[in-house]
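>>> My questions concern the predicted model and sequence given below.
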Amino acid sequence: SRNWWPDWVWQAVKQADIVMQGAMLKTAHTPNLPVDTRKNPVFVDMEWTADLLASNYETFPVEVRDAIDKSAWDSYAKAKNIELMDLEGTNLRVKLEKADWDEAAAKMMKREGKPYMPGHLMVPFAFKNSEGILAASSLTFGGPVPCIKMTIKGGRVTKVEGGGKYGETLRRSFEEFKNLTSPRSSTSGVNWISSFGICTHPKGRRSAFLERLKGSARIHGWAFGHRRSGVIHTSIGEGLVGNSYKIIRHIDQYFTTFIADGKKIIDRGHLLALDDPAVYKIAKKYGNPAKLLAEEWIPAVAGVNAP
């Protein structure tokens, strides 16, 4: 939503070239913005707490980041069959066609100048014919929840099990908003898989001071962890509730195995592009490649690697 930014802020935004924002606003998921972010101004998300601003994420060589992205992208782009599985219960399959990849890559080329977003590589799952179980216990912009398992049929969530209060909210909202339409699709409802991405940065992590943080800082401190390499980032739903509010839910999975046309891309949460000799060669220019490419943070997931 853009409701928590008063009109006088938007008037100032319209006169700016660059907007450095510390308050929570995701332009990609905010409908009917009063400015065109593809032109001007440029929005820069200041999604940092003090410790994240001083972290190794910020000093990581861009050349190495780009090499990781390219290696990962080249390993799965154009795949016809995708499989996901993890110890929380995920077991999901999707079939894709060349046209799906071509359309998604063309959009990213216009936006980023390359077929993917740096650090956050998309897979064109949205509104496709995926089948199986999607399980998670982390909300990207919320925090931990009891493990929730969603049965997926034809790309749509048809059953929700567990999840505590979050699970109850999903079941209720799926029924309440079953006639809403998405800005990107003529399909109705808010129970579709609407986006799916692989994150690639080995130094991504949550803030170490979550318990002290409040407001946007608390959200940023948790959400930043989804940028870690090997994390699967998925959104459910994309319905317009009103002129300035879109209902969309984001979840993260940390120990997933991702397989594209029979080839492992992520092995139990470890992005295999980090082991690519070509990436190692570039990383060596900046120091010890094993240290530079090592994941800095291992998240704790109940029932997987924690009580």
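Yep, it's here.
>>> any weak-confidence spans in the stretch 201-307 of the chain?
Counting by pLDDT under 70, the stretch 201-307 of the chain contains low-confidence ranges at 243-244.
>>> What segments of it are helices?
215-223, 277-283, 289-292 (DSSP state H, counting those that start in this stretch).
>>> so which of those helices gets nearest Val94?
Of all the helices of the stretch 201-307 of the chain, it is helix 215-223 that lies closest to Val94, at 25.1 Å by CB to CB. Heads up, the C-betas are built off the backbone N, CA and C, glycines and all.
>>> which outside residues touch that closest one?
With contacts defined as CB atoms under 8 Å, 6 or more residues apart in numbering, helix 215-223 is touched by 22-24, 47-49, 52, 140-143, 206-207, 209-210, 213.
>>> can you give me how far that helix is from the chain middle?
15 Å (CA atoms, centre = their mean, to the nearest Å).
>>> now swap in stretch 184-196 and tell me
Distance of stretch 184-196 from its chain centroid, counting by CA atoms, centre = their mean, is 16 Å.
>>> Comparing the helices of the stretch 201-307 of the chain, which comes out most buried?
helix 215-223 (a mean of 20; mean count of other CB atoms under 10 Å).
>>> so can I have CSV of the helices of the stretch 201-307 of the chain showing distance to Glu63?
Conversion of the helices of the stretch 201-307 of the chain to CSV gives the following (distance: least, CB to CB, whole Å):
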stretch, distance to Glu63
helix 215-223, 26
helix 277-283, 6
helix 289-292, 11
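>>> Can you say which of the contacts of helix 215-223 are buried?
Buried residues within these, counting neighbours by 16 or more other CB atoms under 10 Å: Met24, Glu47, Trp48, Thr49, Leu52, Thr140, Phe141, Arg206, Ser207, Leu213.
>>> Then the second one would be within a strand, right?
Going back to what we said before, that points to Glu47. No: the assignment for Glu47, made by DSSP: H, G, I helix; E, B strand; the rest coil, is coil rather than a strand.
>>> wouldn't it be in contact with Phe224 here?
Yes: Glu47 lies in contact with Phe224 (CB atoms under 8 Å); the separation is 5.9 Å.
>>> follow-up on the earlier one: need the buried ones among the contacts of helix 215-223 in JSON lines with distance to Ser188, can you?
Shown next, in JSON lines, are the buried ones among the contacts of helix 215-223 (distance: CB to CB, whole Å):
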{"residue": "Met24", "distance to Ser188": "28"}
{"residue": "Glu47", "distance to Ser188": "32"}
{"residue": "Trp48", "distance to Ser188": "38"}
{"residue": "Thr49", "distance to Ser188": "39"}
{"residue": "Leu52", "distance to Ser188": "39"}
{"residue": "Thr140", "distance to Ser188": "24"}
{"residue": "Phe141", "distance to Ser188": "24"}
{"residue": "Arg206", "distance to Ser188": "35"}
{"residue": "Ser207", "distance to Ser188": "38"}
{"residue": "Leu213", "distance to Ser188": "38"}
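>>> Nearest to Asp100, out of these: which one, please.
Closest to Asp100, out of all of the buried ones among the contacts of helix 215-223 and judged by CB to CB, is Thr140, at 23.7 Å.
>>> Check the spacing between the closest one and Ser55 real quick.
Separation of Thr140 from Ser55 (CB to CB, to the nearest Å) stands at 19 Å.
>>> Phi, psi for Glu175 please.
Phi and psi for Glu175, reported as degrees, to the nearest 10, are phi -80, psi -40.
>>> State the pLDDT value of Pro144.
On pLDDT, Pro144 comes in at 94.
>>> That one contacts Ser138, correct?
Yes: using CB under 8 Å, Pro144 is in contact with Ser138, at 5.9 Å.
>>> neighbour count winner among these two?
Looking at Pro144 and Ser138 with other CB atoms under 10 Å, you find the greater number of neighbours at Ser138, namely 24 against 14.
>>> so which helix or strand takes in that one?
strand 131-139 (DSSP states H and E).
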